[in-house]
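A.B. asks: Sequence unavailable; structure follows:
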């Protein structure tokens, strides 16, 4: 485990409201680039008409895709934004509620919003960056210059 205390003034808060039919990973990424927000915490609630989440298979070094082909509630969508190669890199996980009360979750790969997705991005230390971990091939948060 790594911990680090960062001291900074309060950063910006970006509100992204996705409309029916929007693809949220793309929409949030576009908003991050438009507002030049490269480090933040992400939370959201709303709904999807369909989605695809992933579970990282360490043996294969890639995500197993889990299709969700029904309307679901976004019970929790949490993650982060960190700079990777000078661009904001979005990493979010979702817990999705099915009509029977069961859930499915994982890394959000793609979705279609219905009826809305209300996203809050709270800016944090801008010196955070992502670097590819050679063991996993995943982009993980690291402090700049380390």
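C.D. replies: Everything's here; your move. In this text the structure is predicted, and so the values were computed from the model without any measurement.
A.B. asks: How is the residue of the chain most remote from its centre assigned, secondary-structure-wise?
C.D. replies: The C-alpha centroid of the chain is most remote from residue 100, which lies 25.5 Å away (C-alpha atoms, centre = their mean). Under DSSP: H, G, I helix; E, B strand; the rest coil, the three-state class of residue 100 is coil.
A.B. asks: what about it, distance to residue 107?
C.D. replies: 23 Å (C-beta to C-beta, to the nearest Å). The C-beta positions use only the backbone N, C-alpha and C, and glycine is treated the same way.
A.B. asks: Also residue 15?
C.D. replies: 23 Å.
A.B. asks: Between those two, tell me which one has more neighbours.
C.D. replies: residue 107 (17 against 9; other C-beta atoms under 10 Å).
A.B. asks: May I ask which helix or strand encompasses the more buried one?
C.D. replies: Here residue 107, judged by DSSP states H and E, is contained in strand 103-123.
A.B. asks: And that strand, what's buried?
C.D. replies: With burial defined by 16 or more other C-beta atoms under 10 Å, the residues of strand 103-123 counted as buried are 104-114, 116-117, 119, 121-123.
A.B. asks: same check, this time on stretch 55-71
C.D. replies: Buried-residue list, stretch 55-71, by 16+ other C-beta under 10 Å: 63, 66, 68, 71.
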